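Engineer: Pasting the sequence and the predicted coordinates here, then a few questions.
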Amino acid sequence: MNEPSKKLKVATCSLAGCFGCHMSLLDLDERLFDLVDLVEFDRSPITDVKVIGNCDVGIIEGGVANAENVHVLRDFRAHCKILIAMGACALNGGIPAMRNQFALKDCLDESYMHGIGLANAKIPNDPEIPLLLNQVHPIHEIVKIDYYLPGCPPSADTIWTFLTQLISGQPIALAYTQLHYD
Amino acid sequence: MSEDQSFTLDGRVIPFEDGQTIMEAAHAAGVYIPHLCFNPEFTPHGSCRVCVVKVNDRTQASCTTPAAKGQVVQSETEYLRDIRRGILQMLFVEGNHVCPGCEKSGACQLQAVAYYVGMLAPHFKHFYPQRSVDATHPDAAIDFNRCILCELCVRASRDIDGKNVFAVQGRGIKAHLVINTPSGKLGATTFSLEDKAAQVCPTGAILTKHRGYETAIGQRLYDRKPINIVGDVAQIPQSEGGRRHE
């Protein structure tokens, strides 16, 4: 267990998301000063640290749309005591999962072969580009998730309530206006 | 005679009249039991099971169980909230309910009931079924992705409008809503926005065109207050953010 004075280590990442949830995290505004008194950020777009160390809390934005997403998600699960799904895409696939209605090839053709104003149309196949999965999946279909935080995005107030309750060891109890799916 | 007839709901005495169900008596007494396929203007259907309660320790749908003298009914218990959450989660994963991309979001009864029972995430594996959107009608669109098979539009069109525009086809997991025309298109029917069937959908399956974002997200029916206080979207006038014609 952590000693009372030791800060919790927190890692965050965005998989198949739009970074809107991370924008909402930044929307904590001056409360970010209070937050960094309580936690230390490990791998996160906020720190630009690329490799995750052992953490107390991992926060995942976005669903799983490609092979790299699966790898990062499993890496987070292996390194975090508590893993949190944040936002609609992590919870149910969200807007990216609307492509699940179509065959992957049709999606790629629509974007890269038949898109308006394309010159030298071709489907990108550089080995550095992660391979797309046939369908987009919520992250609970890949790894065990400990807490869910819905919203598109969850508001800064929701994130603040959630994090302060989690850090102080209280049960999570969101107010009615803090629980929404849109 | 009738004033002697009562049962208890979570310890509260609820009077009822002969022929009333537990749901109808609770509704008349102003006590909320979560529900989706129940609408007080229609014969109970008993299909969504969200209104499940314990009646003398037996688990039953309150919208189809007749009220009887001396029944001990439980509704707001953690056990029943758990069951209701599970039913809601199954409804969510069976369809394609993309709340951030739905113009009904915030005034959707499915969403509001899920908030009420504290559903955080869908929990189960998503089906991502392949369903279509029909925008052939000039004034209304139907998005089959969001249908939960409550059959309120089927009942309204058949029993009140006398048009029989909607039907459910197939059985079990293959059951789905269809439009009752050879082409299967809403535009080929006599469906109109004045129909009762246009006012009863608890989700964003049947939508009125051209006015989707008249009310901003954040100011909608269930954005500030829960459904047990606000009431059902189908019972609230359009001027107040609901679906009911004035």
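Structural biologist: Perfect, I can see it now. Residues are numbered from 1 along each chain as shown, chains lettered A, B, ... in the order given.
Engineer: And the next helix or strand past the longest helix anywhere in chain B?
Structural biologist: Counting residues, the longest helix found in chain B (DSSP state H) is helix B:78-94. Sequence order places helix B:109-116 as the next helix or strand after helix B:78-94, per DSSP states H and E.
Engineer: Which strands and helices lie in contact with that next one?
Structural biologist: helix B:78-94, helix B:227-230 (3 or more Cβ pairs under 8 Å, 6 or more residues apart in numbering or on different chains; DSSP states H and E). To be clear about C-beta, it is placed using only N, CA and C from the backbone, and glycine gets the same treatment.
Engineer: Can you name every helix or strand that the shortest one contacts?
Structural biologist: Contacting helix B:227-230 under the criterion 3+ Cβ pairs under 8 Å, 6+ apart are the following elements: helix B:109-116.
Engineer: so how far is the helix it packs on off the chain centroid?
Structural biologist: 10 Å (Cα atoms, centre = their mean, to the nearest Å).
Engineer: What of stretch B:227-246?
Structural biologist: From the chain centre to the centre of stretch B:227-246 is a distance of 13 Å (Cα atoms, centre = their mean).
Engineer: Quick check: buried residues in it?
Structural biologist: B:I227, B:V230, B:G231, B:D232, B:V233, B:A234, B:I236, B:G241, B:G242, B:R243, B:R244 (16 or more other Cβ atoms under 10 Å in any protein chain shown).
Engineer: Pull up the distance across it, start to finish.
Structural biologist: End-to-end span of stretch B:227-246 (Cα to Cα, to the nearest Å): 21 Å.
Engineer: ok, now stretch B:214-230?
Structural biologist: With Cα to Cα, one end of stretch B:214-230 sits 19 Å from the other.
Engineer: what is the mean pLDDT for that stretch?
Structural biologist: Stretch B:214-230 shows a mean pLDDT of 94.
Engineer: quick one on the thing from earlier: dump the buried residues of stretch B:227-246 to a markdown table, plus secondary structure.
Structural biologist: Output for the buried residues of stretch B:227-246, formatted as a markdown table (DSSP: H, G, I helix; E, B strand; the rest coil):
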| residue | secondary structure |
| --- | --- |
| B:I227 | helix |
| B:V230 | helix |
| B:G231 | coil |
| B:D232 | coil |
| B:V233 | helix |
| B:A234 | helix |
| B:I236 | coil |
| B:G241 | coil |
| B:G242 | coil |
| B:R243 | coil |
| B:R244 | strand |
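Engineer: so what's the residue nearest in space to the middle of chain A bridging to?
Structural biologist: Centroid-nearest residue in chain A, with Cα atoms, centre = their mean: A:E61, separated by 1.2 Å. Counting by DSSP bridges, A:E61 forms beta bridges with A:S14, A:M86.
Engineer: Quick check: it touching A:G17?
Structural biologist: Yes - contact between A:E61 and A:G17 holds when scored by Cβ atoms under 8 Å: they sit 4.3 Å apart.
Engineer: what do the two both touch?
Structural biologist: A:G87, A:C89, A:A90 (Cβ atoms under 8 Å, 6 or more residues apart in numbering or on different chains).
Engineer: now the residues you listed in JSON lines, with neighbour count, pLDDT and distance to A:P154?
Structural biologist: Below are the shared contacts of A:E61 and A:G17 laid out as JSON lines (neighbours: other Cβ atoms under 10 Å in any protein chain shown; pLDDT from 0 to 100; distance: Cβ to Cβ, whole Å):
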{"residue": "A:G87", "neighbour count": "29", "pLDDT": "98", "distance to A:P154": "6"}
{"residue": "A:C89", "neighbour count": "31", "pLDDT": "98", "distance to A:P154": "12"}
{"residue": "A:A90", "neighbour count": "30", "pLDDT": "98", "distance to A:P154": "10"}
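Engineer: can you pull the buried residues of stretch A:158-169?
Structural biologist: Quick answer for stretch A:158-169 (16+ other Cβ under 10 Å): A:T158, A:I159, A:W160, A:T161, A:F162, A:L163, A:L166, A:I167.
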